[in-house]
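1. Give me the fold of what follows.
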Amino acid sequence: MPDPMPDFLNADRPPVPQLVVPTAMQPFHLEGRPVRGRLVRLGALADALLSRHDYSPPVGRVVGEALALTAGLAAALKYKGSFSLQAKGDSVMPMLLADCTDDGQLRGQARVEHAELAKLMEVDHDPPAAGLLGKGYLAFTCDQGPDMERYQGIVAMDGIHLADMTQSYFRTSEQLQAFVRLACARTEHGWRASAFILERVAGEGGLGDSTREEQDEAWRTATLLASTLKDSEMLDDALPSARLLHLMFHAEGLVLDQARALSYGCRCSRAKLSGVLGGFTDDDLDEMAQDGAITMTCEFCNYDFRFDRSEVRR
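-> You can find the predicted model right below:
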């Protein structure tokens, strides 16, 4: 009987959802106006990603918002690579991470100090992002692959909600006018998350003979209309994205661009983790082993990989 496949050759993914939402990300622009945007609605993908962890409602809400936001920002990628959002703070959720590849593979996770969170929730049962993260910074990273330089923007966490912090990033690091609205909640159908991102584009090209004052007014009108957006609308599976955008911008020259898919994107495998274990000394491996086995947990999909100590070598 042949030997089982060695761990370092086994690239199988763990038994996680093979879920794709074909029209999760809907880009659009307003014809003749300096406005473009994206509406991200994760649908069942939000529940598949968040339910892998036993997040409390406030933590799940912020992680879900980060997932939808990251997918929306990654939609601007013009290359093969990934876009990530990382928040590092000094409170009960010291780390938040979400990333999305150019082809829509999405994943995310948060590290939580559960004892401290329980104390916080005795005072505030629904703390916002600022209360969970505390003081720290946000890092937005574009990874263009090994042959290209990585771009990263880092800003202090300024604001109460994650949307506020993101708008601060656009304003201070990108010098770009933007409107960001995020929503996430556990509904009767499970977790749902959505992001709405509106950006003001440069006035040159495609805007006819409009003056700067007319462009300013067009941007003000777009943001006023966007401010009418409700969380319940963003999270309603029965309300298609095209219909929701039409309700807001039907009189503003709405043009829907090609919708894009998002998928469950954890990229862990036994082969990758076996390679990590191969970097430890035998003494380290012995210390990591319990009852003859080493267990490594993927922090994204919360799946345990078990390696027999006798099969693991430096």
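
2. what's near enough to touch Ser227?
-> Going by Cβ atoms under 8 Å, 6 or more residues apart in numbering, Ser227 touches Phe179. Just so you know, the C-beta spots here come from the backbone N, C-alpha and C atoms, and that holds for glycine as well.

3. Next, give phi and psi for Glu149.
-> Note on Glu149: its backbone torsions stand at phi -70, psi 140 [degrees, to the nearest 10].

4. I'd say Met248 and Leu224 touch.
-> No - contact criterion Cβ atoms under 8 Å: Met248 and Leu224 do not qualify, at 10.0 Å.

5. and those two? which has more neighbours close in?
-> The residue with more neighbours, out of Met248 and Leu224, is Met248; 20 against 10, by other Cβ atoms under 10 Å.

6. For Val123, see how far away the nearest residue to Ala193 once chain neighbours are set aside is.
-> What sits nearest to Ala193 in space, not counting adjacent residues and going by Cβ to Cβ, 6 or more residues apart in numbering, is Gly64, at 3.5 Å. According to Cβ to Cβ, to the nearest Å, Gly64 and Val123 sit 23 Å apart.

7. More neighbours: the two, which one.
-> Neighbour totals were compared for Gly64 and Val123, and Gly64 leads with 29 against 8 (other Cβ under 10 Å).

8. how close does the more buried one sit to Arg309?
-> Distance, Gly64 to Arg309, by Cβ to Cβ: 38 Å.

9. coming back round to it: looking at this, the residue nearest to Ala193 is in a strand?
-> No - checked against DSSP: H, G, I helix; E, B strand; the rest coil, Gly64 lies outside a strand; its state is helix.

10. Let me see the contact set for Ala74.
-> Counted by Cβ under 8 Å, 6+ apart, Ala74 has contacts Ser82, Phe83, Asp99, Cys100, Thr101, Asp102, Gly104.

11. how near is it to Met25?
-> With distances taken as Cβ to Cβ, Ala74 is found 9 Å from Met25.

12. Give the other helices and strands that the helix or strand hosting Leu225 contacts.
-> In this assignment (DSSP states H and E), Leu225 forms part of helix 212-226. With contacts defined as 3 or more Cβ pairs under 8 Å, 6 or more residues apart in numbering; DSSP states H and E, helix 212-226 has these neighbours: strand 35-41, strand 178-187, strand 190-200, helix 241-249.

13. Any chance of CSV for the contacts of Ala74, columns neighbour count, pLDDT and secondary structure?
-> Listed next are those as CSV, based on neighbours: other Cβ atoms under 10 Å; pLDDT from 0 to 100; DSSP: H, G, I helix; E, B strand; the rest coil:
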residue, neighbour count, pLDDT, secondary structure
Ser82, 22, 90, strand
Phe83, 23, 92, strand
Asp99, 23, 94, strand
Cys100, 29, 95, strand
Thr101, 20, 92, strand
Asp102, 17, 89, coil
Gly104, 20, 93, coil
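
14. Out of the residues you listed, the closest to Ala68 would be?
-> Cys100 (9.9 Å; Cβ to Cβ).

15. Name the nearest residue to that closest one, ignoring sequence neighbours.
-> Of all residues not flanking Cys100 in the chain, Ala74 sits nearest, at 3.8 Å (Cβ to Cβ, 6+ apart).

16. do Leu45 as well
-> Leu45 sits nearest to Val21 (Cβ to Cβ, 6+ apart), 5.0 Å away.

17. got the contact list for Pro58?
-> Contacts of Pro58 (Cβ under 8 Å, 6+ apart): Met121, Asp126, Pro127, Pro128, Leu132.

18. Tyr79 looks like it's in a helix, true?
-> No - counting by three-state DSSP, Tyr79 is not found in a helix; it is coil.

19. Confirm for me that it is in contact with Glu149.
-> No - here Tyr79 does not reach Glu149: they are 11.5 Å apart, not a contact under Cβ under 8 Å.

20. All set now, cheers.
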